[in-house]
Each structure stands twice: as C-alpha cells, then as structure tokens.
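J.: Give me a model of this one.
(one chain, ligands or ions: 1)
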Amino acid sequence: MITLDNVSKRFSGNTAVDQVSFSVPQGAFLVLLGPSGCGKSTMLRMLAGLDHPTSGQIRFGDKLIADGSGDMFVPPAERGAGLVFQSYALWPHMTVAGNIDWPLKVAGCSAQERRAAINTSMDMLGIAQLANRYPGEISGGQQQRVALARMIAPKPGIMLFDEPLSNLDATLRVEMRFELTKLHRATGATSVYVTHDQVEAMTMASHVAVLNHGRIEQFDTPNNLLANPASAFVAGFVGTPPANLINVEDGKWFGTLEDPALKGHSGTAMVRAEEFSIHAGPGHRRIACTLAEVVPMAGQRLVQSMTESGQRLTAIAEGNGLLSERLYFELPASPSALFDQKGARV
Ligand SMILES: Nc1ncnc2c1ncn2[C@@H]1O[C@H](COP(=O)(O)OP(=O)(O)OP(=O)(O)O)[C@@H](O)[C@H]1O
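T.: Residues are numbered from 1 along each chain as shown. Down below sits the predicted model:
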C-alpha cells in the first residue's frame, strides 16, 4: 500500500504539489495524469526519494518513508522501489546484461543470484538474444525494454514510471503498454505511472489521480472518471474524444438557446460526442456550425466543427455520407453533467 497524507512540495514560493492525499492498495496500478507542469513528476520523485516533501507524510505499507517535518527520510536505495524514466539512461560502455547486472552488483547480491535475476528479467522482456550487445547496437524500443529489465531485476515491491513510452513511436507505444501491463501482473508490484496521455491512463490503470495545478481534481477508477467526472477539467481531459463542455448562461446553451433542462444554471454543460446528432439543415435544439476537421475512427468519423461564437464541438458521424461545410449539431434532451462557473460538478 502507498499512502500520501496531505503532501505538499514547494520550490522557492512555487507550489508544485498542493496538499495531496490518497491511498492505493498493494498491487494497484496508479496513474498520475495531468497536463504539463501539474506536478506529476514531482510526486513521483518524492515517492522515489529524489525530492523531500515540504509538508505531509508518505508511507509504504505501515512504514513512514518521508515526513515534511524532516524527522524521517528513507534514502532512495532503501525504499525497495525501482524507477524508469523517459530517457533510458543505460550505461553505453556496458552490455545489455551488464546494465541489468549493475543494480544487483551495487546491492551486493551473490553471482548466482545475479545470473538468475538477469536471465529471468531478460526473458520477461523478451531480450535474452540481446544480452551481449551494447546500447548503441539496439533500437530505442529495445533500449526501453533493457531499462525495464534493469528495473525489475532486483524485484522491487514498487515500480515507478515517469513517461516511459514518450520516446517511442505510436505502434511501439501500444505494444509496450501491453508489455507493461503484463509486467505489472507478473511481478505483483504496486506501480505508479506518470503520463499526460489519457489513453495510457485509461488502458493500464486500476486507479487514476487526475492532477491540475498540483492538486487532485479526481481520484478514481478509469471507468468512473469517464462516467462521473467530478469537475469540468476532468470532463474536458479524459475520454477519446474528451467530452464537449458547452458554455451555459442563465439557462441558455451557448448563452442563446433556452432549455428547461438548464433552468437557472450558469457555467458549463457536458455533452459527449456521441450524444450530438449531425444534420444538414436547421431545427429545434440545433446549433449552426462550420466543419473544421473529419478524422476517420474505427468505422466512424470524428467531426470537429466551430460554432458562430467560436466554440469547437466534436460529434460522431456514422457511415460515409458527404458532410457539407455548413452543419447543424442537435443537442441531446439534457446534458450528461453540469458544472458551475468554477468548474465544480453541480
Ligand atoms: N527543481 C525545481 N525547482 C523549481 N521548480 C520546479 C522544480 N521542479 C519542478 N518545478 C516546478 O514545479 C511544477 C511541477 O513540475 P513537474 O515537473 O512536477 O510537472 P509535470 O506535471 O511532471 O510536468 P511535465 O509533464 O511537463 O513533465 C512546475 O511548475 C515546475 O516548473
């Protein structure tokens, strides 16, 4: 179990992590998800022991490993946590096997233990045939596999990942997502994974912490984030495509279309792309748009368009029918969720 209790991290006046509390059970796959600069890496670095919290407490199981008061700080090497970064950080003068061996050697394992751990972790990542090559002689994807094998060789109880797939191309990323999920299951280690890619989060996580400006917007399962976003920020960040957030003024969609379902509300309303229907002409509950972009997606089309007031809307079009430049998006009978002017769910 990993527990954070009111953890904050300030860098000379700048608050990177702001009073974060959560707990995940042993064996969880926690994803820290959020836009650039929201504090994900700082949280991971505090778990790894590379940064000290300014206040609050971090526990692995029952053990206090860092306390903002400064009274307790377990050094990185004694936390039983392995770390993999976006850059593979392999030693260029050591072979693949030598790189994997390095942390085992530092930990003082016997030659026999080391040999067994190197072979097991190379087998798990499917890189045994590369054992005697140098990092300069293997591809980027293979280097990332070596970095992962090096991380799991000492059998860490906690695996920490900082955007490990961002240097890989799209096809390799999909393959490695699958490999990472397999690795997580096979090792049983609790994983914490930093990304700004919500597809990675949704496919791999058991728990997701959505971060914004150093604070947790929502801590939930991937399904609940999609079904019940706690804030406008979450609704506009997760999902493929993310939901539309439509401006509502005094009970009127876009400030112009009055609707009893919005009575008295000002803020935003959530409409998922699949809840709009697309029409060629005007009508009840329809808003005029200009076609901006059409993206084919799994037998359907993602249609991006712009309203006259400049709001970008996304809808799903079935089939291959021709779409004219002038379109009308029809609103559903009621919004899936309403958010107030500060973005909180109402
Ligand atoms: N060593 C540091 N000194 C000062 N400010 C820092 C330091 N490290 C991070 N920050 C600041 O803390 C905030 C959070 O940074 P952090 O790297 O944790 O964000 P992130 O969500 O991981 O971003 P990215 O996805 O771009 O890596 C940012 O405003 C950043 O500038």
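J.: neighbours around the closest residue to the ligand within the stretch 151-300 of the chain, how many?
T.: Closest to the ligand within the stretch 151-300 of the chain is residue 196: 5.2 Å, counting by CB to the nearest ligand atom. Where C-beta positions appear, they are placed from N, C-alpha and C, glycine not excepted. The local packing count at residue 196 equals 18, with neighbours defined by other CB atoms under 10 Å.
J.: list the contacts for it?
T.: Applying CB atoms under 8 Å, 6 or more residues apart in numbering, one finds that residue 196 lies in contact with 33-36, 40, 163.
J.: Just the C-alpha atoms of stretch 164-179, please, in CSV.
T.: What follows is the C-alpha trace of stretch 164-179 in CSV, where atoms were taken according to Å, rounded to 0.1, in the frame of the first residue of the first chain:
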residue,chain,number,x,y,z
PRO,A,164,8.5,5.7,-20.1
LEU,A,165,6.9,5.5,-23.5
SER,A,166,7.0,9.0,-24.8
ASN,A,167,10.2,8.5,-26.8
LEU,A,168,8.7,5.6,-28.7
ASP,A,169,6.6,5.7,-32.0
ALA,A,170,2.9,5.2,-31.9
THR,A,171,3.0,1.4,-32.8
LEU,A,172,5.7,0.6,-30.3
ARG,A,173,3.8,2.6,-27.6
VAL,A,174,0.8,0.3,-28.0
GLU,A,175,3.0,-2.8,-27.9
MET,A,176,4.8,-1.5,-24.8
ARG,A,177,1.6,-0.6,-23.0
PHE,A,178,0.6,-4.3,-23.3
GLU,A,179,4.1,-5.4,-22.1
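J.: Wondering if that stretch reaches the ligand at all.
T.: No: contact between stretch 164-179 and the ligand is absent, the nearest approach being 9.2 Å (criterion: CB under 6 Å from any ligand atom).
J.: mind starting the numbering at 488 from now?
T.: Got it, the first residue is 488 from now on, which makes the last one we talked about stretch 651-666.
J.: Buried ones in that stretch, by neighbour count?
T.: Neighbour counts using 16 or more other CB atoms under 10 Å place 651-652, 654-655, 659-660, 663-664, 666 of stretch 651-666 among the buried residues.
J.: In helices, which of those fall?
T.: 659-660, 663-664, 666 (DSSP state H).
J.: Tell me the residues of the stretch 588-737 of the chain that contact the ligand?
T.: Applying CB under 6 Å from any ligand atom, one finds that the stretch 588-737 of the chain approaches the ligand through residue 683.
J.: Do I have it right that residue 582 meets residue 620?
T.: Yes: with the criterion set as CB atoms under 8 Å, residue 582 and residue 620 qualify as a contacting pair; they are 6.4 Å apart.
J.: neighbour count winner among those two?
T.: More neighbours surround residue 582 than the other of residue 582 and residue 620, with 18 against 15 (other CB under 10 Å).
J.: mind listing what the more buried one touches?
T.: Counting by CB under 8 Å, 6+ apart, residue 582 has contacts 618-621.
J.: Buried ones from the residues you listed, can you make that a ChimeraX selection?
T.: Selection command for ChimeraX covering only the buried members of these, criterion 16+ other CB under 10 Å:
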select :621
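J.: TSV for the contacts of residue 582, including distance to residue 671 and secondary structure?
T.: Putting these into TSV (distance: CB to CB, whole Å; DSSP: H, G, I helix; E, B strand; the rest coil) gives the following:
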residue	distance to residue 671	secondary structure
618	24	coil
619	28	coil
620	26	coil
621	29	coil
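J.: Does residue 695 have any beta-bridge partners, and if so which?
T.: With DSSP bridges applied, the residues forming beta bridges to residue 695 are residue 518, residue 707.
J.: What is the neighbour count of it?
T.: Using other CB under 10 Å, residue 695 has 28 other residues around it.
J.: now swap in residue 578 and tell me
T.: Neighbour count for residue 578, taken as other CB under 10 Å: 12.
J.: is it true that it lies in a helix?
T.: No: counting by DSSP: H, G, I helix; E, B strand; the rest coil, residue 578 falls outside a helix, being coil.
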